Structures are given as C-alpha cells and as structure tokens.
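1. Kindly return the folded structure for what I paste below:
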Amino acid sequence: MAEGLMKKMYGQRAYVQSAGVKNDMEIDGFSVAVCKELGIELSRHRSRSFDEMQQWGDDLSQFDLIVALSPASQRMALELTRHYHLDIEYWPILDPTGLGESRDAKLASYRQARDQIRDRMLARFGEPSEE
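-> This is a model prediction of the structure:
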C-alpha cells in the first residue's frame, strides 16, 4: 500500500521501492481493494524482500530514506544499512492482517492502515504533487 500511495501522491518526485522482511509475492486482496477506492492499482504489484531488492540491482546505499512499517522491517533495515549513511524512520502503522471477523470489518482495518500511511506521508513529505 505504501509504495502505491507514494507513487500516486508524489509521482516522480522520488524513486520508491517497497520491500519487506520476507517475500509473500501475492499482494493481499484487501490491500488491493482499499487502494482501488483511491484510484491506486495494486493488482499487479508483487512484494519483494530486501534480499531480492539487492539481487535485482537495487543498492540500498543509493537510497536516502527507508521507512519501516513494522518493527521487524526496521531491524532488518538497520542491519542491512549499518555501513551506509541514510535515514531510517519507523512509522508504527496498524497491521490489518488477521483483524476483523467479517469482510466489512477486515476492509475497515485495511482502510485504517491505508489512511495511517497516507497521513504519515502528508506529515513527512507535504502536499501531494499535481497530477
């Protein structure tokens, strides 16, 4: 969700690449649904791990900022970049996976997480770019 939101809100102002501690490959259908509500297409997005980013040619030392959305990703980012000069920020975002009994309750949890990410982006990076 974070990569899709960042690209939608800020376009080409920054190079954005999402990564996680592990590779789940398929993006969660609830993430796809709540982002689609904002005109963000995630259905073809595939998640990747930090290791895959490096294997595919993304050099972590070339990034200025890593935003970690979970304690595990923060630990991994700190470990992988301990010899580089870049900022790592931890944004404590609700993890909606496994929350809610009904479809509507699950969607509400995912919307809450999406909106937390959007609000943090607005606070950190300012108003979105003109489309």
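2. for the chain, what spans make up the helices?
-> Here the chain has its helices, by DSSP state H, at 2-10, 29-36, 50-55, 71-80, 103-125.
3. Show me the one of the ones you listed that comes nearest residue 88.
-> With CB to CB as the criterion, residue 88 lies closest to helix 71-80 of the helices of the chain, at 5.0 Å. C-beta here means a position set from N, CA and C on the backbone, and glycine is covered the same way.
4. in the closest one, what counts as buried?
-> Applying a neighbour-count criterion of 16 or more other CB atoms under 10 Å, one finds 73, 74, 76, 77, 80 buried in helix 71-80.
5. try stretch 99-118
-> Of the residues in stretch 99-118, those buried by neighbour count under the rule 16+ other CB under 10 Å are 106, 107, 109, 110, 111, 113, 114, 116, 117, 118.
6. Quickly note the distance from the second one to residue 4.
-> If I follow you right, that is residue 107. 16 Å (CB to CB, to the nearest Å).
7. Figure out which of the helices of the chain is closest to residue 65.
-> Of the helices of the chain, nearest to residue 65 by CB to CB is helix 103-125, at 9.0 Å.
8. lowest-confidence helix or strand of the chain?
-> helix 50-55 (a mean of 75; mean pLDDT, DSSP states H and E).
9. For that helix, which helices and strands make contact with it?
-> Here helix 50-55 touches helix 71-80, going by 3 or more CB pairs under 8 Å, 6 or more residues apart in numbering; DSSP states H and E.
10. Could you check how far the helix it packs on is from the centre of its chain?
-> 14 Å (CA atoms, centre = their mean, to the nearest Å).
11. Which strands and helices lie in contact with that helix?
-> Using 3+ CB pairs under 8 Å, 6+ apart, the elements in contact with helix 71-80 are helix 50-55, strand 65-68, strand 87-90.
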